[in-house]
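Trainee: Only the shape, not the letters, is given here:
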């Protein structure tokens with residue numbers, strides 16, 4: 001079961017990176033060129049929100065069934081997890097930063113809906129999606145991707 005969920009999580013991550021990158025670039029271009037907010041902007045940002053939330057749900061399942069997550073293992077303390085860079089990445093850094101990524105995307109999406117004109121809408125998306133995109137890219141376990 002773990003292997004199947006891990007494969008889904010890994011391949012879905014490619015889609016997440018692609019969609020969040022597109023949504024971020026779209027928002028930045030829209031904001032800096034002062035173009036009008038269009039239905040495609042809404043769809044792209046919504047799709048970014050959806051794929052990241054689905055990835056979070058898959059990641060939560062993996063957190064509880066993965067053999068690399070050792071929080072719940074007898075005899076392994078927090079000091080051992082924090083001393084080992086790989087254990088720290090999988091047990092602390094990756095989950096924490098990815099949750100923050102989803103939170104930032106959710107906040108940006110929610111705030112942009114409350115704005116009434118194009119420039120503030122695209123500004124909210126640009127700020128929050130860019131911060132989320134940077135965080136997301138900082139804690140992907142790149143060694144396992146290639």
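Mentor: Received the coordinates, thanks. Because the structure is predicted, anything quoted here is derived from the model rather than measured. Residues are numbered from 1 along each chain as shown.
Trainee: Does residue 37 fall in a helix, a strand, or a coil region?
Mentor: Under DSSP: H, G, I helix; E, B strand; the rest coil, residue 37 falls in the coil class.
Trainee: contacting residues around it?
Mentor: Residue 37 makes contact with 30, 117-118, 121-122, according to C-beta atoms under 8 Å, 6 or more residues apart in numbering. For the C-beta atoms, the positions are set from N, CA and C on the backbone; glycine is no exception.
Trainee: pLDDT check: weakest of these?
Mentor: Scanning the contacts of residue 37 for pLDDT, the low point is residue 118. It has 88.
Trainee: Could you count how many residues lie near residue 130?
Mentor: By other C-beta atoms under 10 Å, the residues close to residue 130 number 19.
Trainee: Next up, the contacts around it.
Mentor: Contacts of residue 130 by C-beta under 8 Å, 6+ apart are 24, 27-28.
Trainee: What pLDDT does the model give it?
Mentor: Residue 130 is given a pLDDT of 97.
Trainee: For it, give its distance to residue 26.
Mentor: Per C-beta to C-beta, to the nearest Å, residue 130 is found 11 Å from residue 26.
Trainee: Pull the distance from stretch 118-132 to the chain's centre.
Mentor: Here stretch 118-132 is found 15 Å from its chain centre; the criterion is C-alpha atoms, centre = their mean, to the nearest Å.
Trainee: show me where this structure has helices.
Mentor: 2-33, 39-65, 78-83, 85-88, 94-114, 118-138, 142-145 (DSSP state H).
Trainee: coming back round to it: look up the residues that both of residue 130 and residue 26 are in contact with.
Mentor: By C-beta under 8 Å, 6+ apart, no residue touches both residue 130 and residue 26.
Trainee: residue contacts, residue 125?
Mentor: Taking C-beta under 8 Å, 6+ apart, one finds 23, 27, 30-31, 41, 45, 108-109, 112 in contact with residue 125.
Trainee: buried subset of these?
Mentor: Among the contacts of residue 125, those classed as buried by 16 or more other C-beta atoms under 10 Å are 23, 27, 30-31, 41, 45, 108-109, 112.
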